[in-house]
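Peer 1: got a predicted structure plus its sequence, pasted below:
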Amino acid sequence: MAGEITCLDCGGGLRPWGHARPRTLRDHGEPVEIQPRRSICRTCSERLGRYTTHVLLPTLALLRQADVVSVIGEALMATYQDGPSRREVAARAGVPLDTVRGWRRRFREGAEETRVRCLDCPRFDGDSISWE
């Protein structure tokens, strides 16, 4: 990890700096325990005169979300492709109905920005990753 990920504030390399607090996520209603890594940016730390750390979430977690990425994605796909009710989607995902409503609302609000960002994302074809 050291030097492979860069600081979003200054572009400097990040170094391992222990772990953040443990978190519990939901995966179809079942708890999933994670303890994200913490990293430090020495460039920002020196510039600001204090330790500047970042929490590195694993790919299954989203910032400020209690559910794993796959559950949120499945719920949004089911809502927009299959056409089941929000209540059915919530039951399948193991989350409250209000949670699904919130996901849908935030998805609609940020759909265009997400689409544009995804155009810059790598594509995985099963064997390799490409930047098409």
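Peer 2: Perfect, thanks for sending it.

Peer 1: could you pull out the buried residues of stretch 85-97?
Peer 2: By neighbour count on 16 or more other C-beta atoms under 10 Å, the buried set for stretch 85-97 is 86, 89-90, 92-93, 95. To be clear about C-beta, it is placed using only N, CA and C from the backbone, and glycine gets the same treatment.

Peer 1: just the strands in the chain please.
Peer 2: 14-19, 23-27, 30-34, 37-41, 53-56, 123-124, 129-130 (DSSP state E).

Peer 1: now, the buried residues of stretch 85-97 that are in helices?
Peer 2: 86, 89-90, 92-93 (DSSP state H).

Peer 1: by pLDDT, give me the weakest of those residues.
Peer 2: Ranked by pLDDT, those bottom out at Arg86, which has 89.

Peer 1: gap between that one and Pro31?
Peer 2: To Pro31, Arg86 is 23 Å away according to C-beta to C-beta, to the nearest Å.
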